[in-house]
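J.: Compute the structure for the input listed below.
(2 chains)
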Amino acid sequence: DTGVSQDPRHKITKRGQNVTFRCDPISEHNRLYWYRQTLGQGPEFLTYFQNEAQLEKSRLLSDRFSAERPKGSFSTLEIQRTEQGDSAMYLCASSLFGGGRNTEAFFGQGTRLTVV
Amino acid sequence: AQSVTQLDSQVPVFEEAPVELRCNYSSSVSVYLFWYVQYPNQGLQLLLKYLSGSTLVKGINGFEAEFNKSQTSFHLRKPSVHISDTAEYFCAVNNDMRFGAGTRLTVKP
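T.: So this is what the prediction gives:
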C-alpha cells in the first residue's frame, strides 16, 4: 500500500466553477477524514466517514461543500460555485478504528486549490 | 464534543535548550491523543500517540509526551532541541481527529 493518495495535487479554477477532489485511503482503513488548511493555521475539520457513512460534517461547512464515500473506499469532496475564500490546501486522512486496532490518522499530500 | 487547545501559538527557543509545547483537551469519551509535526512545505506526520497503557509516551526525534487525565493535558517535551526541529506542531484528540491551532516552534542557533 502506498499510503493515502489525493488527486489532483494542484487545482486552479475560476470563481464560480465547481471542483471535485478525490482521496484514496489506505486500503484496510475504515475511517476517512477531510480537512482544510490555510497558511499558518491548523487543519480545520470538514467531515469524516466510517465506511460509507458520513458521521459528522462541520457546521462551518457551507452547503456548497459535499463529500461522498459511496463504496466505503475512495472519497470525493466537491465544492460548488467556488469563491476566493475557498483557496486552501484540502487534506485527506484515513485511519483504522474499532476492534481494538485503533490507529492514528495517516495523511495524504493534499490538494492545493487556488480560486482566481 | 471534543476539542483541543494549544496554549502557545509560537515558541522560540535556542538550540540545545529544553522545550515544552502545551496541549489541553476536552472529551466526554475515552481519550486517544496524538502529536503531529509539519515541516515547512511538507505534509503532516505523526510524532507520537497515546491510545492506552503507560501515560508517558515516547515518539520520534527524541520527543515525548505525558498524558495527565486529572489535568486533561498531553504536553509535548524534548530535553534538547535542534535547529531541524523548527516546524509546526499539532495536538489532536480522539478518533474523529480534531486538531488544535498549532504551535510554531522556532529553534535559534
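J.: in chain A, which segments are predicted with low confidence?
T.: Within chain A, the stretches with pLDDT under 70 are A:1.
J.: Going by residue numbers, what spans are strands in it?
T.: A:5-7, A:10-13, A:19-24, A:31-37, A:44-50, A:53-57, A:65-68, A:75-79, A:88-95, A:106-107, A:111-115 (DSSP state E).
J.: Now these in TSV, please, with extra columns for mean neighbour count.
T.: Bear in mind the C-beta positions are built from the backbone N, C-alpha and C, glycine included. Below are those laid out as TSV (neighbours: other C-beta atoms under 10 Å in any protein chain shown):
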stretch	mean neighbour count
strand A:5-7	18
strand A:10-13	14
strand A:19-24	18
strand A:31-37	24
strand A:44-50	21
strand A:53-57	13
strand A:65-68	17
strand A:75-79	19
strand A:88-95	24
strand A:106-107	22
strand A:111-115	18
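J.: among those, which is nearest chain B?
T.: Nearest to chain B among the strands of chain A is strand A:106-107 (4.5 Å), distances taken as C-beta to the nearest C-beta.
J.: In TSV: the strands of chain A, plus distance to chain B.
T.: As requested, the strands of chain A are exported to TSV (distance: least, C-beta to the nearest C-beta, whole Å):
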stretch	distance to chain B
strand A:5-7	10
strand A:10-13	13
strand A:19-24	13
strand A:31-37	6
strand A:44-50	6
strand A:53-57	6
strand A:65-68	14
strand A:75-79	15
strand A:88-95	7
strand A:106-107	5
strand A:111-115	11
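J.: List the residues that contact the nearest residue to A:Y35 once chain neighbours are set aside.
T.: Leaving aside its chain neighbours, A:Y35 sits nearest to A:P43 (3.8 Å; criterion: C-beta to C-beta, 6 or more residues apart in numbering or on different chains). Neighbour list for A:P43: A:Y35, A:R36, A:Q37, A:L91, B:L44, B:F90, B:F99 [criterion: C-beta atoms under 8 Å, 6 or more residues apart in numbering or on different chains].
J.: For B:Y25, state which of these is nearest.
T.: Comparing these against B:Y25 with C-beta to C-beta places B:F99 closest, at 11.0 Å.
J.: count of neighbours near the closest one?
T.: Here the number of neighbours of B:F99 (other C-beta atoms under 10 Å in any protein chain shown) works out to 23.
J.: again with the one 10 residues further on
T.: For B:P109, the count of nearby residues is 6 (other C-beta under 10 Å).
J.: With B:F34 instead?
T.: B:F34, neighbours per other C-beta under 10 Å, totals 26.
J.: For it, give its distance to chain A.
T.: 5 Å (C-beta to the nearest C-beta, to the nearest Å).
J.: Can you classify that residue by secondary structure?
T.: strand (DSSP: H, G, I helix; E, B strand; the rest coil).
J.: quick one, what contacts it?
T.: A:E104, A:A105, B:L46, B:L47, B:L48, B:K49, B:Y50, B:C91, B:A92, B:V93, B:M97.
J.: In strands, which of the residues you listed fall?
T.: Going by DSSP E, the strands hold B:L46, B:L47, B:L48, B:K49, B:Y50, B:C91, B:A92, B:V93 from the contacts of B:F34.
J.: ok, residue 80 - contacts?
T.: You didn't say which chain, so I picked chain A. Here A:Q80 is in contact with A:N18, A:R64, A:F65, A:S66 (C-beta under 8 Å, 6+ apart).
J.: Oops, wrong one, chain B.
T.: Here B:S80 is in contact with B:E16, B:A17, B:P18, B:G62 (C-beta under 8 Å, 6+ apart).
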